[in-house]
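Visitor: got a predicted structure plus its sequence, pasted below:
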Amino acid sequence: MKFVKIERDGQAVWGEVREDTVFTLTQPPFERLSYDGASCPLGECTLLAPCEATKIVCVGKNYYDHAVEMGEGVPDKPILFLKAPNTINCPDGAVHAPDFVQRLDYEGELAFVIRRRAKDVKAEDYAGYILGYTCLNDVTARDIQKGDGQWSRGKSMDGFAPMGPVVTDEVDPADLAIETRLNGKVVQSGRTSQFMTKVPELLAFITASMTLEPGDVVTTGTPAGIGPMHPGDTVEVEVEGIGVLRNVVK
Ligand code: MG
C-alpha cells in the first residue's frame, strides 16, 4: 500500500493512494485503516511529510564508498545520530540555511517510517514494524558539522529533512536503485544492496538501544557523491519504486 499525508482545510490528514486518487483516513495508518469516505486527486493535494516523527534516527556511513570518501575510516558497526523533529520538511518544501552556513550539502537516502512501537526487534521480524519506505534528503551544513566536532547543529537546522512524496510497503529494501540529481545532473547513484548494515539488522541494532514510536523515521545513509547546493538549485532524490523527492534551495 502507498500512503501520503496531505493538508486539507488546514489540517494534516493521512490518505491511501490508489492510482492517482487519495482516499483519506480518519487516523494515521499505523494500527488499522479507517477511511473517512472522502477522496481527492493526488495531483491536487498539498503533500506533507509522511510521518509523525518524535525523532529521525540516521546512520552515518552505511555505504562503503561514502565512508571511504569521508576519509575517516570505515565503521565496524552503524554510527547513529539524530535529526530533531524541526527538520521535517514537506516533499516539495524549500530548503534554506542561515546565512552563516558556508557549505550546504545534499545526502539522498532511503528512509522508512515505523508503524508500531519497536523495542528489541529481532531482525527477522523487521517487516511488521515498518509502515513503508520513502525518500529523504539528509540536508547537512557540512562546515558546521565539521567545525562543531559533533553533529547536532549541522544536521538539525529547520527544514533539513525533506521527505516523501509517498511511503510505500510495495518495495523490497534489499536492493533498490537510489539516485540524487542536482539541477538534473546525476550526482549520487547507488543501490541499497551496498548497505553495510541492511534494514532488518539496522532496525534490530537501533531498537536494542532506543524505542521507536509509530511515525518515527529511520534514514539509512547516503551513497558516495555528496556535494554542495546553492540558492536556486533544484535537488531530486529518487528511489526505485517510491518516486521523486524534489526540493528547491532558497
Ligand atoms: Mg546522511
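Guide: Perfect, I can see it now. Numbers count the residues shown, from 1 in each chain.
Visitor: residues of the chain that sit close to the ion?
Guide: By the rule CB under 5 Å from the ion, the part of the chain lying against the ion is 107, 138, 222. To be clear about C-beta, it is placed using only N, CA and C from the backbone, and glycine gets the same treatment.
Visitor: again, 6 Å this time
Guide: Neighbours of the ion within the chain, by CB under 6 Å from the ion: 58, 107, 109, 138, 221-222.
Visitor: for the residue in the chain that the ion sits nearest to, give me the pLDDT.
Guide: In the chain, the residue that lies nearest the ion is Asp138 (3.4 Å; CB to the ion). For Asp138, the model assigns a pLDDT of 98.
Visitor: that one touches Ala161, doesn't it?
Guide: Yes. With the criterion set as CB atoms under 8 Å, Asp138 and Ala161 qualify as a contacting pair; they are 6.8 Å apart.
Visitor: got any ranges where this structure has weak pLDDT?
Guide: Counting by pLDDT under 70, the chain contains no low-confidence segment.
Visitor: quick one: the residue of it most remote from its centre from Gly43, how far?
Guide: Taking CA atoms, centre = their mean, the residue of the chain most remote from its mean C-alpha position is Gly37, at 29.3 Å. When distance is defined by CB to CB, to the nearest Å, Gly37 is 21 Å away from Gly43.
Visitor: and if you look at Glu107?
Guide: Applying CB to CB, one obtains 28 Å for the distance of Glu107 from Gly43.
Visitor: likewise Asp148?
Guide: Distance from Asp148 to Gly43, counting by CB to CB: 42 Å.
Visitor: now Asp175
Guide: Applying CB to CB to Asp175 and Gly43 gives a distance of 30 Å.
Visitor: now do the SS call for Gly221.
Guide: The assignment at Gly221 comes out as coil when based on DSSP: H, G, I helix; E, B strand; the rest coil.
Visitor: meant to ask about Phe205
Guide: State at Phe205, reduced to three classes by three-state DSSP: helix.
Visitor: count the residues that sit near it.
Guide: Neighbour count for Phe205, taken as other CB atoms under 10 Å: 16.
Visitor: ok, Ala111 next?
Guide: By the other CB under 10 Å criterion, the neighbourhood of Ala111 contains 28 residues.
Visitor: could you identify the helix or strand that succeeds the helix or strand where it lies?
Guide: According to DSSP states H and E, Ala111 maps onto strand 108-114. Secondary structure here is assigned by DSSP H and E; on that basis, the next helix or strand after strand 108-114 toward the C-terminus is strand 130-137.
Visitor: I'm done for today, thanks for sticking with me.
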